[in-house]
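**Q** Predicted coordinates and the sequence they were generated for:
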Amino acid sequence: MLHYWQREIENLKKLILSLGAIVEEQIQRSLLAVERRDTPLAEEVISKDREVDSLEILIEEECLKILALYQPVAKELRFVVAVLKMNNDLERMGDLAANIAKRARYLAKKDKINLIEDFGNVGDKVQNMVKKALDALVNTDINLAKEVIAADDEVDKLTKHLLKRTINAIEKDPDRTKDYFSIRSISKNLERIADSATNIAEDVVYLCSGEIVRHTELGMEEQAEG
């Protein structure tokens, strides 16, 4: 029975890591679609969101099955609870990547906007947060998880700066207000992806230590710096 239980946990870990890999790729490809004004690539990202949704449902079902059959306690219970929460955040990140792809599809039909170039820095930082959050999960690395939590403030500052530039651009060129709002939408989606990556990192801290950091001193310090 113990051997079977361990197999269930290992299978669950493989499933959540598979979902993480797909979502990480979705984010990368959605940003490439924006940068390259690539409509077919954007369509691929939008279409693949169904695969993310299906895997999210499967992982939730596996978590509930383990909880019902084995009634895990201590570290095993924390693992299943953490996976349930990460699963939701990863699915949300997949939705956000699809949203970016939809904006990329729209903008590809319009004259180029120079502000798109500003997404490079923000996009790189957000993708790095996602990668570190997943690496922290794979290696149960609490220090790496805390690096992700600390990085969220910088992304917030960058997206706020981009918002100011977008507002200035609208004032100078009001005829393209809808186009600039698409830029704003991409920026907001990136900010939300970073927030979800932070949530995953916080869940890794919980998994490793049993400590809930969202409303503790660590979380308050991160907010105070923003």
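**A** Received the coordinates, thanks.
**Q** Low-confidence regions, this structure specifically.
**A** Counting by pLDDT under 70, the chain contains low-confidence ranges at 1-4, 215-226.
**Q** quick one, helices of it?
**A** 2-36, 39-70, 74-107, 119-139, 142-172, 177-209, 217-225 (DSSP state H).
**Q** Can I get those in JSON lines including distance to Ile113 and mean neighbour count?
**A** C-beta: built from backbone N, CA, C; applies to glycine. Shown next, in JSON lines, are the helices of the chain (distance: least, Cβ to Cβ, whole Å; neighbours: other Cβ atoms under 10 Å):
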{"stretch": "helix 2-36", "distance to Ile113": "10", "mean neighbour count": "17"}
{"stretch": "helix 39-70", "distance to Ile113": "16", "mean neighbour count": "16"}
{"stretch": "helix 74-107", "distance to Ile113": "7", "mean neighbour count": "21"}
{"stretch": "helix 119-139", "distance to Ile113": "10", "mean neighbour count": "20"}
{"stretch": "helix 142-172", "distance to Ile113": "8", "mean neighbour count": "17"}
{"stretch": "helix 177-209", "distance to Ile113": "6", "mean neighbour count": "22"}
{"stretch": "helix 217-225", "distance to Ile113": "31", "mean neighbour count": "12"}
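**Q** Could you list the alpha-carbon positions for stretch 151-159 in CSV?
**A** Output of stretch 151-159 as CSV, limited to C-alpha atoms (Å, rounded to 0.1, in the frame of the first residue of the first chain):
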residue,chain,number,x,y,z
ALA,A,151,11.0,40.0,-7.7
ASP,A,152,7.2,40.8,-8.0
ASP,A,153,7.7,44.4,-6.8
GLU,A,154,10.1,45.1,-9.7
VAL,A,155,7.5,43.8,-12.3
ASP,A,156,4.8,46.0,-10.6
LYS,A,157,7.1,49.1,-11.0
LEU,A,158,7.8,48.3,-14.7
THR,A,159,4.2,47.8,-15.6
